[in-house]
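Colleague: need coordinates for the below:
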Amino acid sequence: TVMATNTATGCSKLMTGSSVIAINPAPLPYTVMGGGSYCAGGPGVHINLSGSEVGKSYKLYRSGTILAGLALAGTGSAIDFGLYTIPGVYTVVAVDNITGCTSNMIGSVVISVNANPVVYTVTGGGNYCAGGAGVHIGLSGSEPGVNYTLSIGASPVATIPGTGAAIDFGLQTAGGTYTVTATNAVTGCTISMAGSVAVNVNPLPLAFSVTGGGSYCPGGSGLHVGLDGSDTWMTYQLFIGGSTPVGLPVTGTGSALDFGVMSVTGSYTVVATGIGSSSCTGNMNGSAS
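Modeller: Sure thing, here's the model as predicted:
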């Protein structure tokens, strides 16, 4: 209210009416939560508020700039602004929908992006013969501080640390498709390396028995030497004395083979060799004399 007083006469009079001042409460302060680091290409990280009030709106800011359309209505409990991927400092301001009073929420959160490991190419693999040492599998390059895991299908086989150069996982014997994943030892970011390699185990030739041989009279034509079976994906080489080839290799027919009439005395053996990628070799059973 206001009282007027005449400075000469001292007369006073209360002025008409009054004016009321009321203090509207500011929105309650809650704590901004969430944020943090995520791996490049990932979905991002959540930003939350520890609580909220009904009748208040909560506006999200990044590095001081309001994010358009990102004002959430208070629910009376914690609220989630969703996933965010853009790096920066995030804060929240609350606004009373009736009075317009605002209040900065407590604290801020930072979003940062961790780089994924560099992508290198899986190398090696191939075919080997059953019972052999296997084939090497490697990676065309590597980074220090990154661990590389070799897997066959979904099953891990080995993990070795990066060196800054190409790496070798050693000889692998299990048949299947191999892939490599890289994991940063500090950030945990993981990414698949380029490509895959296959290891194929080629079976050894089936062991058939050498047939024929025996004795013949001077002046005779000699004696047949053969094999009691064969596979069509194999060639069969006849040897005398274990090391000297006799004639050219004979392709298997799926049945018995005849290497012809032999007249030179000695012990005859046969070695089978796969055709094409299955170049495995194996000694046939027995010998003919």
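
Colleague: and residue 82, how far from residue 94?
Modeller: 18 Å (CB to CB, to the nearest Å). C-betas here are computed from N, CA, C, even on glycine.

Colleague: the two: which is more packed in?
Modeller: residue 94 (23 against 13; other CB atoms under 10 Å).

Colleague: what helix or strand is the more buried one on?
Modeller: For residue 94, the host element (DSSP states H and E) is strand 88-96.

Colleague: what residues of that strand count as buried?
Modeller: Taking 16 or more other CB atoms under 10 Å as the basis for neighbour counts, the residues of strand 88-96 that come out buried are 88, 90-96.

Colleague: and for stretch 44-56?
Modeller: Of the residues in stretch 44-56, those with enough neighbours to count as buried (16+ other CB under 10 Å) are 45, 47-49, 51-53, 56.

Colleague: now do that stretch: distance from first to last residue.
Modeller: Counting by CA to CA, to the nearest Å, the length from the leading to the trailing residue of stretch 44-56 is 27 Å.

Colleague: check contacts around the nearest residue to residue 251 once chain neighbours are set aside.
Modeller: What sits nearest to residue 251 in space, not counting adjacent residues and going by CB to CB, 6 or more residues apart in numbering, is residue 235, at 5.3 Å. Residues in contact with residue 235, defined by CB atoms under 8 Å, 6 or more residues apart in numbering, are 249-252, 272-273, 275.

Colleague: could I get the buried residues of stretch 44-56 in TSV, plus columns for secondary structure, pLDDT and distance to residue 65?
Modeller: Rendered in TSV, the data for the buried residues of stretch 44-56 read as follows (DSSP: H, G, I helix; E, B strand; the rest coil; pLDDT from 0 to 100; distance: CB to CB, whole Å):
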residue	secondary structure	pLDDT	distance to residue 65
45	strand	96	19
47	strand	96	15
48	strand	97	20
49	strand	97	18
51	coil	98	24
52	coil	97	22
53	coil	97	24
56	strand	96	21
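
Colleague: save those residues as CSV, and put in distance to residue 199 too.
Modeller: Formatted as CSV, the entries for these read as follows, by distance: CB to CB, whole Å:
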residue, distance to residue 199
45, 40
47, 47
48, 48
49, 53
51, 57
52, 58
53, 63
56, 63
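
Colleague: for this protein, which helix or strand comes out least confident on mean pLDDT?
Modeller: Of the helices and strands making up the chain, the lowest-confidence element is strand 65-73, at a mean of 83, by mean pLDDT, DSSP states H and E.

Colleague: quick one: that one to strand 88-96, angle?
Modeller: Comparing the axes of strand 65-73 and strand 88-96 via axes from the mean of the first three to the mean of the last three CA atoms, to 10 degrees yields an angle of 50 degrees.

Colleague: direction included, what does strand 65-73 pair up with?
Modeller: Take DSSP bridges as the rule and strand 65-73 pairs in its sheet with strand 56-62 (antiparallel).

Colleague: what's in contact with the strand it pairs with?
Modeller: With CB under 8 Å, 6+ apart, strand 56-62 has contacts from 27, 47, 49, 52, 66-67, 70-74, 79, 81, 84, 86, 88-97, 105.

Colleague: how does it look with 6 Å?
Modeller: Applying CB atoms under 6 Å, 6 or more residues apart in numbering, the contact partners of strand 56-62 are 27, 66-67, 70-74, 81, 88, 90-97.

Colleague: biggest separation within the contacts of residue 235, which pair?
Modeller: Pairwise distances among the contacts of residue 235 were taken by CB to CB; the largest, 12.0 Å, belongs to 250 and 275.

Colleague: give me every residue that touches residue 285.
Modeller: The contact partners of residue 285, taken as CB under 6 Å, 6+ apart, are 207, 209.

Colleague: that should have said residue 198, apologies.
Modeller: By CB under 6 Å, 6+ apart, the residues touching residue 198 are 125, 177.

Colleague: in what helix or strand does it lie?
Modeller: Short version, using DSSP H and E: residue 198 is in strand 197-202.

Colleague: wait, residue 189 sits on residue 39?
Modeller: Yes - when contacts are counted by CB atoms under 6 Å, residue 189 is listed as touching residue 39 (3.7 Å).

Colleague: which neighbours do those two share?
Modeller: With contacts taken as CB under 6 Å, 6+ apart, residue 189 and residue 39 have 114, 116 as neighbours in common.
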